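Peer 1: sequence unknown, structure follows:
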């Protein structure tokens, strides 16, 4: 069982590069512990900025530092950085084309019992609606490392959402196919295509394996790059499938499911089912309990596929 959270990998990669790149700057809004960034602050205090519980200041300061040549990585709970500082993300980062990477920590329902005030079930839709803002949801620790390494090489803004808890590996250290802004296809089935992002990729893979045992062939598309959306892969995998199913830890509106449905409808029309969080306050519980309640598990996804085919 994996015990390394994606947020820990982000810290590890930044610390490795900060040794030689003194322009890397990490900013937090009283969130260094939640973001697993305390080691960075302790090791590189001159490359660290703590703004307190002030998310709008966090993003504004990050953008200002980026304009001065710094490589800003601003980490804050996804529920707050994607809403409370939305104007700063839109104007100071995206419209101003600054090198700011917004790291939305504890995304989705990671905060569990803290409830809807701390859940981020609208962040994909909100951030993806901003021109020039990229949106990424890595599926496991291995992909997170590849994504962070790639982001360190560019100077464009981006929003990266990661969960609070460790997730089971989708890939291995030896085998983690990765191409920037291109989805990864897992499996070779043609009956159904499961398109997922973030923490929902692992349950989608579990569903694929369960369906195979019952004679239903499936493939999984790991759409870590929600924006820019890999439309080519969506079309190529959906055009021969009987059913397309999207799975996301997000509202049913404006997220991955909506984007995939638009692409499929325009290019290779067929039935698209969206498995997502409900348009209502979610039940209280841990991430696993919430996913189980809404059938967002390998078994739940497989059962839905069988019901729709």
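Peer 2: Now that the structure is in, tell me what you want to look at. Model, not experiment: these values are computed from the prediction.

Peer 1: show me what contacts the residue nearest to residue 275 when sequence neighbours are not counted?
Peer 2: Spatial nearest neighbour of residue 275, excluding adjacent residues (Cβ to Cβ, 6 or more residues apart in numbering): residue 247 at 4.6 Å. For the C-beta atoms, the positions are set from N, CA and C on the backbone; glycine is no exception. Counting by Cβ atoms under 8 Å, 6 or more residues apart in numbering, residue 247 touches 194, 195, 196, 197, 200, 203, 204, 275, 276, 296, 301.

Peer 1: gap between residue 247 and residue 220?
Peer 2: Using Cβ to Cβ, to the nearest Å, one obtains 9 Å as the distance from residue 247 to residue 220.

Peer 1: between those two, what contacts are shared?
Peer 2: 194, 195, 196, 204.

Peer 1: check which element follows whichever strand or helix holds residue 11 along the chain.
Peer 2: Following DSSP states H and E, one finds residue 11 within helix 6-18. Toward the C-terminus, helix 6-18 is succeeded by strand 24-28 as the next helix or strand (DSSP H and E).

Peer 1: now do the buried residues in whichever helix or strand comes after that following strand.
Peer 2: Later in the chain than strand 24-28, the nearest helix or strand by DSSP H and E is helix 38-43. Buried residues in helix 38-43, counted by 16 or more other Cβ atoms under 10 Å: 40, 41.

Peer 1: packing partners for helix 38-43?
Peer 2: Where contact means 3 or more Cβ pairs under 8 Å, 6 or more residues apart in numbering; DSSP states H and E, helix 38-43 is packed against helix 6-18, strand 24-28, strand 48-50.

Peer 1: list of residues touching the longest one?
Peer 2: Read that as helix 6-18. The contact list for helix 6-18 (Cβ under 8 Å, 6+ apart) reads 24, 26, 34-37, 39-40, 43-44, 47, 73, 75, 103, 105, 138, 140-141, 144-145, 148-149, 152, 160, 162-164, 166-167.

Peer 1: pull out the buried residues from those.
Peer 2: Using 16+ other Cβ under 10 Å as the burial test, those include 24, 26, 34-37, 40, 44, 47, 73, 75, 103, 105, 138, 140-141, 144-145, 148, 152, 160, 162-164, 166-167 as buried.

Peer 1: tell me where this structure has strands.
Peer 2: 24-28, 48-50, 71-77, 100-105, 134-136, 158-161, 184-186, 192-196, 218-222, 225-227, 243-247, 272-275 (DSSP state E).

Peer 1: got those as CSV, with distance to residue 94 columns?
Peer 2: Compiled in CSV, the strands of the chain are given as follows (distance: least, Cβ to Cβ, whole Å):
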stretch, distance to residue 94
strand 24-28, 17
strand 48-50, 21
strand 71-77, 13
strand 100-105, 9
strand 134-136, 9
strand 158-161, 9
strand 184-186, 26
strand 192-196, 25
strand 218-222, 25
strand 225-227, 11
strand 243-247, 25
strand 272-275, 26
